[in-house]
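Visitor: Provided below for reference: sequence and predicted model.
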Amino acid sequence: MSEKTLSLIKPDAVERNLIGKIIQIFEDNGLVVEEMKKVHIDLEFAKNFYSTHSKKPFYNDLCNYICSGPLVALVLRGDNAIQINRDLMGSTNPKEAKSGTIRNLYALSIDKNSVHGSDSHQNAQIEIDLFFNIK
Ligand code: CMP
């Protein structure tokens, strides 16, 4: 079933000029870029976006990092897009990410892990709406 998911190319990847290489991986694996924009979010937006992690010890660092520079937000569309995107990203911790995944190839650390992807239909809807104000 065709569905949509939110992808973020995070500041560490944007800073290293990896936008094109990461989008190429999405496109090579059948995901279509439906919407895309480069934005520099502020701390208030970051705290809202990552609110599910607000009780975690890494929450403040995470929020400060994601607004430390511009990121690229994408709506990806395709059959099973949420799971495919997560498979392409690899594990959150790049040390555990499978060979050939985006985080294995490009992530610097668990914090600077280059990409974010929605983890469920519900969160995809919420996250797309936050970044693009669309359903
Ligand atoms: P992301 O997919 O954007 O979702 C939450 C982020 O928290 C995650 O990627 C990581 O970059 C970040 N993070 C930092 N420390 C941890 C940790 N110990 N466990 C999980 N996520 C972490």
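Guide: Received it, and whenever you're ready, just let me know what you need.
Visitor: contacts, neighbours, all on C-alpha from now
Guide: Noted.
Visitor: and the longest helix anywhere in the chain, is it in reach of the ligand?
Guide: If you go by DSSP state H, the chain has its longest helix at helix 121-132. No: for helix 121-132, no contact with the ligand is found by Cα under 6 Å from any ligand atom; the gap never falls below 11.6 Å.
Visitor: What are the buried residues along that helix?
Guide: Ala124, Gln125, Ile126, Glu127, Ile128, Phe131 (16 or more other Cα atoms under 10 Å).
Visitor: Kindly present those as CSV, with separate columns for pLDDT.
Guide: Output for the buried residues of helix 121-132, formatted as CSV (pLDDT from 0 to 100):
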residue, pLDDT
Ala124, 97
Gln125, 96
Ile126, 96
Glu127, 97
Ile128, 97
Phe131, 97
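Visitor: what residue ranges in this structure score low on pLDDT?
Guide: For the chain, applying pLDDT under 70 flags the ranges 134-135.
Visitor: For it, what lies in contact range of the ligand?
Guide: Looking at the ligand, the residues of the chain close enough under Cα under 6 Å from any ligand atom are Phe58, Leu62, Thr92, Ile110, Asp111, Asn113, His116, Gly117.
Visitor: The residue nearest in space to the middle of the chain: helix or strand, and which one exactly?
Guide: The centre of the chain sits closest to His116, judged by Cα atoms, centre = their mean, with a distance of 2.1 Å. Using DSSP states H and E, His116 sits in strand 115-117.
Visitor: Give me the contact list for stretch 87-94.
Guide: Contacts with stretch 87-94, where a contact means Cα atoms under 8 Å, 6 or more residues apart in numbering, come from 25-26, 96-98, 101-104, 107-110, 113, 115-117.
Visitor: ah, wrong one, I meant stretch 125-135
Guide: Residues outside stretch 125-135 that contact it (Cα under 8 Å, 6+ apart): Thr5, Leu6, Phe49, Ala73, Val75, Ser118.
Visitor: Could you point out which of those is nearest to Val39?
Guide: Comparing the contacts of stretch 125-135 against Val39 with Cα to Cα places Ala73 closest, at 7.4 Å.
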